[in-house]
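S.K.: Dropping the sequence and predicted coords here.
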Amino acid sequence: MDFQKTFSSETMKPFRFFPVFLIIVIVFLVYSNSFQAEWHMDDRPNIVNNRDLHIQNLMPESIWQTFFANQGREEPKLFRPLACFTFAVNWYIGQDDTFGYHVVNLGFHIATAIALYILLIRLLSLVYMPGEHKKTHVYSIALFAAVLWAVHPIQTQAVTYIVQRMAVMAAFFYVLSVLYYVKARTADSIKQKWIFALLCVLWFLCAMGSKENAIMVPFSLVLVEWIFFQKGRTDFLRWPATWCTFAGLAIVAIISVLVLTGGAPLDTMRGWYGSRPFSFEERLLSQPRVVLTYLSQIFYPLPERFSIAHDVTLSKSVFFPWTTLPAIATIFAMISGALFLVKRHPLLSFAILFFFLNHVIESSILPLEIVFEHRNYLPTMFLFLPIAAGLISLLLKLKQDNRLVHGIMSVAIVFMLISVGISTYSRNEAWATGITLWSDAAQKAPSSVRPIVTLGIKLAWQDSPSQSDYKYALSLFRRALNLPEAARKTEKVEILNNIASTYFHMGEYDKAIATYLEALEIDPSFLKNRSGVLGPLILSGNFEDALYHAEHLIDRRPQNPDYLSRMGFIHLWMGNADEALPFFQKALAYGPNRPSLLLNIGVTLTRLESFENGRWLLHQSAKRSQGELVPLLALIENRVRAGDHETAAAYARYVVSRFPAPVIYNTLDNADKNYQSAPITPKHIAQFIEIELKISTFNIH
């Protein structure tokens, strides 16, 4: 086939703009209700609380910093640099406003759908013979398959869940890599072949720089070569050029994985399994059932079948539950059938083999969560291709044989697309807030601890929760305690921690302390509970017990700045500023970039009457915390205690000009309840704030 002629500018002109415009419009409409969806789950640690992404400029050193924004690691490590860079740019433009993040996510999703459409045209043209009728056939199939993939509700978790931009970007560059491999294979000149081949490798590296599951690109290229260029023959594997090409790509993939995992992928995996509620064998045996569940969602896409959490019974053996062995057999049969039919039905074979091939990373041995729907974003890319090809071929045949049935079929296909789009639109509504997302999940997975507990957390930790919110949250936590999953020690103490925290926020300190201690009896090594009990102990005036638990924490984690700070707080609350100072100083040594530690030391020095040193540190805290209120109030107190009332008034004037009066008074009223920060003294501050508020009100009138 003269591939270049088939895809010359003239032949593609009628299909160049309208299909692309159609993809953009349809996908935008389907996702038009997702732009205000809140932050969820991993969004906060990976973006909102990830200071390495919070750049103040686009200078090279700031951009370089974003490439190592792997939250939770003490040592810098390259981590999905392209995806993290886009998050950093979003933060630079709009801080924590989710609108811009959703715009970029959807932009990448639309770009991926367009790239997929172009790739499908090229792959289909390797299967269908050239000719005007077949050309129209190819474009129609490609457009239908790309749109069906883009609007399917199983993609919402990748597109609307902000942090999963990593998966979307990896898929985008993955498609480009495959596309440029096809272009290299069909180019006329050696120069073009080399240019396209280099671009293929470049896009592969970009995909790896977005998410590690793109390591499957070389294997997918082998699949493309075998099915579309070798037509199912295996003799091409004996060619030296084939081995050199794919060996080179495999080497690049291995090197990329080693770089992105710090050179120890197996150690990383073993470490992950240590914190999981399932074993290596349980996950491996459970995944065939999970993957078949994904397939059922894809071909029966009702909104109620999609959720952020699912009830899954772990497979303990190939015979329990009984569906384990049939699931394994079904997948084996599907892969075997695809291999057998590769010459007669290449599109069907490619779709099946690509789907399972690209589930290998996240749906096999790696110790990831058992189920997450976003894992289907890449594997499903070609799954709709044989469906589209079959329906379009049937429509073309009916157009000649029976126009009435052709019309009915056309309406049915349009209705199917609209139904799938409505399902996606409906699913996006669940992503609006944390409460809507986890309420939806708790209804759909009533036997799973995670959605019930998370819904309780969302209710109890929302802004200004009511007493009814607290009570409903407590009822959810108690319900979770009665589930079989909560029989595990780690689950039970975590739930008790949430119950105790809720009591604490309700001001019921005795109940909070009792619940924390109950959890510590079950697992004394669970430091989260031991740290949590400090709050109610401090606020109830039980300082001796608080010191005991703080000492235990420091014994276990002597370099933890949070635990050292807690010890400092206790001494400050006891009025022992001289004993608090060494703990804050040690904490600062282990956490030098934390504005809160500068605040703590500044307040402590103020109490020790080292006013100028305290003032300097409080200035630094206010500067690094980007003008938060508490350091500014502490500066007022510092000047009052130093007898510098003129400067104290100037600070108060600045505070009044920047913060609403209710926010200021609320902070002062709750100063004696902020057990996580060095205590400020409202009586030293309030008089200056009141004077400046009266002056500002008088000036307005």
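M.R.: Thanks, I have the structure now.
S.K.: which strands and helices sit next to the strand or helix carrying His571?
M.R.: According to DSSP states H and E, His571 maps onto helix 561-573. When contacts are defined as 3 or more CB pairs under 8 Å, 6 or more residues apart in numbering; DSSP states H and E, helix 561-573 packs onto helix 527-532, helix 534-539, helix 543-556, helix 577-590, helix 595-607. For every residue, glycine as well, the C-beta is placed using N, CA and C.
S.K.: any idea of the mean pLDDT for it?
M.R.: Helix 561-573 comes out with an average pLDDT of 89.
S.K.: how far does it sit from the chain's center?
M.R.: Its chain's average C-alpha position is 33 Å from that of helix 561-573, according to CA atoms, centre = their mean, to the nearest Å.
S.K.: what do you get for stretch 332-349?
M.R.: 34 Å.
S.K.: which ones are touching Phe35?
M.R.: When contacts are counted by CB atoms under 8 Å, 6 or more residues apart in numbering, Phe35 touches Thr98, Phe99, His102, Val103, Leu106.
S.K.: try it again with 7 Å
M.R.: Phe99, His102, Val103 (CB atoms under 7 Å, 6 or more residues apart in numbering).
S.K.: Report how many residues lie close to the second one.
M.R.: Applying other CB atoms under 10 Å, we find 21 residues neighbouring His102.
S.K.: thinking again about what came up before, which of the helices and strands packed on helix 561-573 sits most buried?
M.R.: Of all those, helix 595-607 carries the top mean neighbour count, a mean of 25, counting by mean count of other CB atoms under 10 Å.
S.K.: neighbouring contacts of it?
M.R.: 561, 565, 568, 572, 577, 580-581, 584-585, 587-588, 591, 613-614, 617-618, 620-621, 624-625, 630-631, 634, 637-638, 641, 677-678, 680.
S.K.: My guess is Ala338 contacts Phe354. True?
M.R.: No. Using CB atoms under 7 Å, Ala338 is not in contact with Phe354, being 9.5 Å away.
S.K.: between the two, who's got more neighbours?
M.R.: Legend: neighbour count by other CB under 10 Å for Ala338 and Phe354, higher for Phe354 (25 against 21).
S.K.: can you tell me the helix or strand for the more buried one?
M.R.: Per DSSP H and E: helix 346-357 holds Phe354.
S.K.: For that helix, buried residues please.
M.R.: Pro346, Leu347, Leu348, Ser349, Phe350, Ala351, Ile352, Leu353, Phe354, Phe355, Leu357 (16 or more other CB atoms under 10 Å).
S.K.: Return the residues in contact with the third one.
M.R.: Residues counted as contacts of Leu348 (CB under 7 Å, 6+ apart) are Leu341, Pro386.
S.K.: ditto for the second one
M.R.: Taking CB under 7 Å, 6+ apart, we find Leu347 in contact with Val127, Leu385, Pro386, Ala389.
S.K.: confidence score at the second one?
M.R.: This points to Leu385. For Leu385, pLDDT reads 95.
S.K.: isn't it right up against Phe144?
M.R.: No. Leu385 lies out of contact with Phe144 (CB under 7 Å); the separation is 9.3 Å.
S.K.: of those two, who's got more company?
M.R.: Taking other CB under 10 Å, Leu385 and Phe144 do not tie; Leu385 has more neighbours (25 against 22).
S.K.: show me what contacts the more buried one?
M.R.: Leu385 touches Leu120, Ala145, Leu347, Ala351, counting by CB under 7 Å, 6+ apart.
S.K.: run the last query once more with 6 Å
M.R.: Ala145, Leu347, Ala351 (CB atoms under 6 Å, 6 or more residues apart in numbering).
S.K.: Going by distance to Ala486, which of those wins?
M.R.: Among the contacts of Leu385, Ala351 lies closest to Ala486 (CB to CB), at 41.0 Å.
S.K.: which residues in the stretch 351-500 of the chain form strands?
M.R.: With DSSP state E, counting those that start in this stretch, there are no strands along the stretch 351-500 of the chain.
S.K.: tell me the centre residue of the protein?
M.R.: Val163 (3.1 Å; CA atoms, centre = their mean).
S.K.: so that one sits right up against Asn46, yeah?
M.R.: Yes. Between Val163 and Asn46 there is a contact under CB atoms under 6 Å: 5.0 Å.
S.K.: picking that back up, next, format the contacts of Phe35 as TSV and append secondary structure and pLDDT.
M.R.: Formatted as TSV, the contacts of Phe35 follow (DSSP: H, G, I helix; E, B strand; the rest coil; pLDDT from 0 to 100):
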residue	secondary structure	pLDDT
Phe99	helix	97
His102	helix	97
Val103	helix	97
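S.K.: Phi, psi for Ser317 please.
M.R.: Main-chain torsions, Ser317, degrees, to the nearest 10: phi -160, psi -180.
S.K.: Tell me the bridge partners for it.
M.R.: With DSSP bridges as the criterion, Ser317 is bridged to Phe320.
S.K.: Okay, it and Arg624: tell me how far apart.
M.R.: 55 Å (CB to CB, to the nearest Å).
S.K.: Between those two, tell me which one has more neighbours.
M.R.: Arg624 (16 against 11).
S.K.: For Leu599, see how far away the more buried one is.
M.R.: Arg624 is 10 Å from Leu599, by CB to CB.
S.K.: what about Phe21, how many residues close to it?
M.R.: 10.
S.K.: In what element of secondary structure is it found?
M.R.: With DSSP H and E as the test, Phe21 turns up in helix 18-30.
S.K.: Please apply the same query to Val342.
M.R.: Short version, using DSSP H and E: Val342 is in no helix or strand.
S.K.: ok, now which ones touch it?
M.R.: Here Val342 is in contact with Ile227, Gly232, Ser349 (CB under 6 Å, 6+ apart).
S.K.: can you list those in JSON lines and add distance to Cys244?
M.R.: Formatted as JSON lines, the contacts of Val342 follow (distance: CB to CB, whole Å):
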{"residue": "Ile227", "distance to Cys244": "21"}
{"residue": "Gly232", "distance to Cys244": "22"}
{"residue": "Ser349", "distance to Cys244": "26"}
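S.K.: quick one: which of these is nearest Tyr548?
M.R.: Ser349 (66.7 Å).
S.K.: Surely that closest one and Leu341 touch.
M.R.: Yes. The pair Ser349 / Leu341 is scored as a contact, 5.2 Å apart, by CB under 6 Å.
S.K.: Distance of the closest residue to Asp523 other than its chain neighbours relative to Ser525?
M.R.: Using CB to CB, 6 or more residues apart in numbering and skipping residues adjacent in sequence, the residue nearest Asp523 is Val493, 4.8 Å away. Distance, Val493 to Ser525, using CB to CB: 10 Å.
S.K.: circling back: out of the helices and strands packed on helix 561-573, flag the one nearest Ala247.
M.R.: Ala247 lies closest to helix 577-590 among these, at 46.2 Å (CB to CB).
S.K.: So what angle separates the directions of that closest one and helix 561-573?
M.R.: 170 degrees (axes from the mean of the first three to the mean of the last three CA atoms, to 10 degrees).
S.K.: Thank you kindly, that will do.
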